[in-house]
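**Student:** need the 3D shape of this:
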Amino acid sequence: MPHLIERIADTVRIAFGSFSLLDVDGPSRSPDALDPEKLYSLTDENAIWFVATPNMAIVRSRAGYHHTARITLELWDAEAPAEDGPEAEMRTVEFSSSSGRLRSVSHHGDVGPLLDLRVPGASWLVRGHRIVKPDSFAGDLDAEDIEDEDEDAEGALEGLEEFLFQFWPVNACQP
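**Tutor:** Numbers count the residues shown, from 1 in each chain. The predicted model follows:
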């Protein structure tokens with residue numbers, strides 16, 4: 001039976017419709033790693049909303065261009081149980097972390113709390129859950145609806161969606 005080792009909850013400022021999960025060592029310089037622009041180009045707001053390359057993952061929002069969302073990062077010792085729900089969209093990717101420590105990062109440079117994976121230089125499976133609130137109106141917004149002053153944290157839309165990311169070792173025994 002899988003055990004939860006650590007859970008960190010916070011908010012993340014979504015700017016330009018996305019944010020990142022980033023290793024504290026920064027983006028990898030490995031020849032296998034994609035640069036952030038190339039990684040972003042592989043995403044969309046629908047099916048491919050969560051992608052990763054060594055030391056970095058990009059997450060796309062479905063609920064709006066600029067807003068603040070709840071984010072939870074969990075570390076498990078084996079495959080975590082999926083959080084089912086009618087509004088949850090799930091996607092699992094492999095994430096390699098050189099330092100074993102990561103956090104959420106907005107495009108404005110705001111950083112979230114540190115999740116210590118406790119093993120540097122390891123690979124993890126990460127199941128992302130994107131939950132858009134059913135009464136959210138922001139899905140109808142696009143870049144033209146957002147004024148420059150809306151980029152300030154003051155007055156940012158909140159509560160439109162939530163994200164949960166569950167990390168477990170690639171080589172963990174499956175339940």
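**Student:** packing partners of the lowest-mean-pLDDT helix or strand in the chain?
**Tutor:** Least confident helix or strand, the chain: helix 36-41 with a mean of 87, by mean pLDDT, DSSP states H and E. Packing contacts for helix 36-41, counted by 3 or more C-beta pairs under 8 Å, 6 or more residues apart in numbering; DSSP states H and E, involve strand 50-53, strand 56-60. For glycine as for every other residue, the C-beta is placed from the backbone atoms N, C-alpha and C.
**Student:** mind putting those into a markdown table with distance to residue 92 and mean pLDDT?
**Tutor:** Converted to a markdown table, the helices and strands packed on helix 36-41 look like this (distance: least, C-beta to C-beta, whole Å; pLDDT from 0 to 100):
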| stretch | distance to residue 92 | mean pLDDT |
| --- | --- | --- |
| strand 50-53 | 8 | 96 |
| strand 56-60 | 11 | 95 |
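**Student:** quick check: which of the ones you listed is nearest to residue 30?
**Tutor:** Smallest distance to residue 30 across the helices and strands packed on helix 36-41 (C-beta to C-beta): 8.7 Å, for strand 50-53.
**Student:** would you mind writing the CA trace of the closest one as PDB?
**Tutor:** What follows is strand 50-53, C-alpha atoms only, in PDB (Å, rounded to 0.1, in the frame of the first residue of the first chain):
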ATOM      1  CA  PHE A  50       1.400  18.800 -18.600                       C
ATOM      2  CA  VAL A  51       4.900  17.900 -20.100                       C
ATOM      3  CA  ALA A  52       8.300  17.400 -18.700                       C
ATOM      4  CA  THR A  53      12.000  17.400 -19.600                       C
END
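**Student:** that one pairs with which strands, and in what direction?
**Tutor:** strand 56-60 (antiparallel) (DSSP bridges).
**Student:** so how far is the strand it pairs with off the chain centroid?
**Tutor:** Its chain's C-alpha centre and that of strand 56-60 lie 6 Å apart, by C-alpha atoms, centre = their mean, to the nearest Å.
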